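1. Provided below are the primary sequence and the corresponding predicted coordinates.
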Amino acid sequence: MSLKTQVMRGGIYLVLRQGLGVFISLAGVMLVTKVIGPENYGLYAAAVSIFLYLQMLSQLGIEVYLVRREGEEELGVYHQAFTLLLLQALAGMLLAFLALPLIESWVNIKGFRPVAQVLFLGLPVVLLNQVPMARLERNLDYKRVALIELLGQLFYYVIAFPLAFRGAGVWALVAGWWLQQAQTLALLYWSAGYRPRFAWNWDLVKQMWGYGMSFSASIWVWQLRTLINPLLVGRFAGAEAVGYVALAIRIIEILGFVKAATWRISIATLSRLQGDKERLVRAVTEGMGLQILAVGPLLVGVSWVSPWLIPLVFGDRWLPVVQVYPFIALGYLTNSLFNMHSSALYVLRRNWEVTAFHIVHMALFAGAAFLLLPRLGLIGYGWAEIVALTSYVVIHFYLVRDIGNPDYRLTGLWWGAFAAALFAYQLGWWAALGLVVVALLPSTHQKLRDYIKSIRGAKSEGAS
């Protein structure tokens, strides 16, 4: 089976998983948030955001090391990774509990500490998922990965629904999250056929930490984005505003399931092209177009219907989400355009260059949010997203210097049309005319036919 077919098959499985997950997540978010309200959801979102950053700090890029490691698969490498992740999880959990009083005083949201404490206890469970997950992804076995993640997502809402309706509030979401992680842990180890053992090999440890530190530094900086909402929105605008931003982000992430699927397979697949820069550039160009076409229509569609859809589905209390949604969606759309840039640089071990881009991005985003939130309130978060878009010049510069210049002409037109259409209510409906223009372009039709042909080819080879 060709690499392209493997990539398309893996992408199909993940997109199907994400597509089914869209329906589960939309139903789940709709029902749970409507019951528990913005304040409880904001409390949960603040605690989860802190936990996710703690997770990034603790895993040190070991899963990515396992996925992109060259050579044959060796159980000893997995055993060493298991041992390291367990030790890092325990250390991370201890540091989190020590720092919790300081975090709580800054966030200044009532009820934050007990929720955060329960989530922090789950760090070893989440990190130890990484080893069997890496084994499955290294083998491009995304069919099993997709099924396990879908079952975990379903299990989360099966637990959270009844508890929310019984008045458990934020604890309904916490219980659903915990049981989801435990179920996923069991299924991953069973499906990957991996039986963990303790091991210690200094040479392997140095390799893992050597790669992991440079890779993780980049991720640590980027994941600071997840802290802007709890630390700055929470402090300057309160728990309800955290809930509004978190719900907008959640809706956008659900709609952007293709972007998530592409990122999942990009490291494993682009690593096989790292010796051919010309093919890497073509892969980046193809990936940009695929993500924009897949993400753009969904983001724009929800933007157009959100003024009546949000109150209808979530309740009138959630109407402020409509104000901030287009800004966050534009940030997500733009990241889709440049998502493959960082993937390509990662596989060439240009980790510090990606880190430099992330530092510039976060400095612009956090600085703008810090200045604008106290003055503009919730919408200040949206304008901070716009300010941060200028940072993508940096990642473009590094890609051109190290690999080559991808073709932005057609994809850039698609991005511009979707970006303007997101703000149809603010700018007027003339902003949607760009979509009509790009839809009529012969090059757009040809590119769509190419994508469909590739997907059909992957399906037919998979069936044979």
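-> Cool, got the structure.

2. any stretches of the stretch 101-250 of the chain with poor pLDDT?
-> 140, 142, 214-215 (pLDDT under 70).

3. and the helices in it, which stretches?
-> In the stretch 101-250 of the chain, the segments counted as helices under DSSP state H, counting those that start in this stretch are 112-120, 123-128, 130-138, 142-165, 170-192, 202-223, 225-227, 234-237, 239-255.

4. could you say what helices and strands the second one packs with?
-> Read it as helix 123-128. helix 3-59, helix 75-107, helix 170-192 (3 or more CB pairs under 8 Å, 6 or more residues apart in numbering; DSSP states H and E). In short, each C-beta sits where N, CA and C put it, glycine included.

5. dump the ones you listed into JSON lines; add mean neighbour count as well.
-> Converted to JSON lines, the helices and strands packed on helix 123-128 look like this (neighbours: other CB atoms under 10 Å):
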{"stretch": "helix 3-59", "mean neighbour count": "20"}
{"stretch": "helix 75-107", "mean neighbour count": "17"}
{"stretch": "helix 170-192", "mean neighbour count": "19"}
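
6. can you list the ones you listed in a markdown table and add distance to P374?
-> Below are these laid out as a markdown table (distance: least, CB to CB, whole Å):
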| stretch | distance to P374 |
| --- | --- |
| helix 3-59 | 18 |
| helix 75-107 | 15 |
| helix 170-192 | 26 |
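
7. out of these, which comes closest to G382?
-> With respect to G382, and counting by CB to CB, the nearest of the helices and strands packed on helix 123-128 is helix 3-59 at 16.8 Å.

8. which other helices and strands contact the helix or strand following that closest one?
-> Moving toward the C-terminus from helix 3-59, the next helix or strand (DSSP states H and E) is helix 62-68. Here helix 62-68 touches helix 75-107, helix 130-138, helix 202-223, helix 257-270, helix 321-347, going by 3+ CB pairs under 8 Å, 6+ apart.

9. now do the same contact list for A421.
-> Contacts for A421 were tallied using CB atoms under 8 Å, 6 or more residues apart in numbering; they are V300, S303, W304, A431, A432, G434, L435.

10. what strand or helix carries it?
-> Element membership of A421, judged by DSSP H and E, is helix 409-422.

11. ok, and for that helix, which residues are buried?
-> By neighbour count on 16 or more other CB atoms under 10 Å, the buried set for helix 409-422 is L410, T411, L413, W414, W415, A417, F418, A419, A420, A421, L422.

12. so who does G289 touch?
-> Applying CB under 8 Å, 6+ apart, the residues contacting G289 are L410, T411, W414, K447, Y451.

13. need phi/psi at it.
-> Phi and psi for G289, reported as degrees, to the nearest 10, are phi -60, psi -40.

14. go on, N129?
-> phi -70, psi -20.

15. surely it touches L185?
-> Yes. Under the criterion of CB atoms under 8 Å, N129 makes contact with L185 at 5.5 Å.

16. domain ranges for this structure?
-> 1-223, 241-455 (automatic domain parsing).

17. JSON lines for those, including distance to L232?
-> Output for the domains of the chain, formatted as JSON lines (distance: least, CB to CB, whole Å):
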{"stretch": "domain 1-223", "distance to L232": "10"}
{"stretch": "domain 241-455", "distance to L232": "5"}
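
18. for these, which one sits closest to R235?
-> Short answer: domain 1-223, nearest of these by CB to CB, at 5.8 Å.

19. which one of the buried residues of helix 409-422 is nearest L123?
-> Closest to L123, out of all of the buried residues of helix 409-422 and judged by CB to CB, is L422, at 36.4 Å.

20. next up, the contacts around the closest one.
-> Contacts of L422 by CB under 8 Å, 6+ apart are L299, V300, S303, P326, A329, L330, L333.

21. the closest residue to it other than its chain neighbours - how many residues pack around it?
-> Leaving aside its sequence neighbours, L422 sits nearest to P326 (CB to CB, 6 or more residues apart in numbering; 4.4 Å). Neighbours of P326 under the rule other CB atoms under 10 Å: 25.

22. what does stretch 353-364 contact?
-> 214, 217-218, 221-222, 224-225, 342, 345-346, 387-388, 390-392, 394-395, 398, 402.

23. do the same with stretch 100-120
-> 42-44, 46-48, 50-51, 54, 93, 96-97, 170-171, 174, 177-178, 230-231, 234-235, 238-239, 242.

24. let's test this: mean pLDDT of stretch 447-464, rounded?
-> Here stretch 447-464 scores 57 as its mean pLDDT.

25. mean confidence score for the helix or strand containing V394?
-> Using DSSP H and E, V394 sits in helix 392-402. Throughout helix 392-402, pLDDT has a mean value of 94.

26. now for it, which elements pack on it?
-> Judged by 3+ CB pairs under 8 Å, 6+ apart, helix 392-402 is in contact with helix 321-347, helix 351-376.

27. which of those helices sits most buried?
-> Stretch with highest mean neighbour count among the helices and strands packed on helix 392-402: helix 321-347 (a mean of 23; mean count of other CB atoms under 10 Å).

28. got the contact list for the spatially closest residue to L90 that is not a sequence neighbour?
-> Among residues not flanking L90 along the chain, P124 sits closest, at 6.6 Å (CB to CB, 6+ apart). By CB under 8 Å, 6+ apart, the contact list for P124 reads L86, A89, L90, M93.

29. mind checking how far the first one is from M93?
-> To M93, L86 is 11 Å away according to CB to CB, to the nearest Å.

30. on that earlier part again, include distance to A192 when you put the helices and strands packed on helix 62-68 into TSV, please.
-> Putting those into TSV (distance: least, CB to CB, whole Å) gives the following:
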stretch	distance to A192
helix 75-107	9
helix 130-138	4
helix 202-223	19
helix 257-270	15
helix 321-347	23
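
31. closest one to I379 among the ones you listed?
-> Closest of those to I379 is helix 321-347, at 5.6 Å (criterion: CB to CB).

32. avg pLDDT for that closest one?
-> 90.

33. that helix: how far from the chain's middle?
-> Helix 321-347 sits 10 Å away from the centroid of its parent chain (CA atoms, centre = their mean, to the nearest Å).

34. ok and that helix relative to helix 392-402, angle-wise?
-> With axes from the mean of the first three to the mean of the last three CA atoms, to 10 degrees defining the directions, helix 321-347 sits at 20 degrees from helix 392-402.

35. got the angle for helix 321-347 vs helix 351-376?
-> Relative orientation of helix 321-347 and helix 351-376, computed by the same axes, to 10 degrees: 170 degrees.

36. I'd like the numbering to begin with 5 instead of 1 from here.
-> Yep, numbering from 5; the last one is helix 325-351 now.

37. give me the angle between helix 325-351 and helix 413-426.
-> Using the same axes, to 10 degrees: helix 325-351 against helix 413-426 is 160 degrees.

38. that older thread, now for the contacts of P128: which two are most distant?
-> Within these, L90 and M97 form the most distant pair, 10.9 Å apart (CB to CB).

39. what residues are up against the closest residue to A333 other than its chain neighbours?
-> Once flanking residues are discounted, A333 sits nearest to L303: 4.5 Å by CB to CB, 6+ apart. Residues counted as contacts of L303 (CB under 8 Å, 6+ apart) are I256, L259, G260, A333, Y336, L337, F422, L426.
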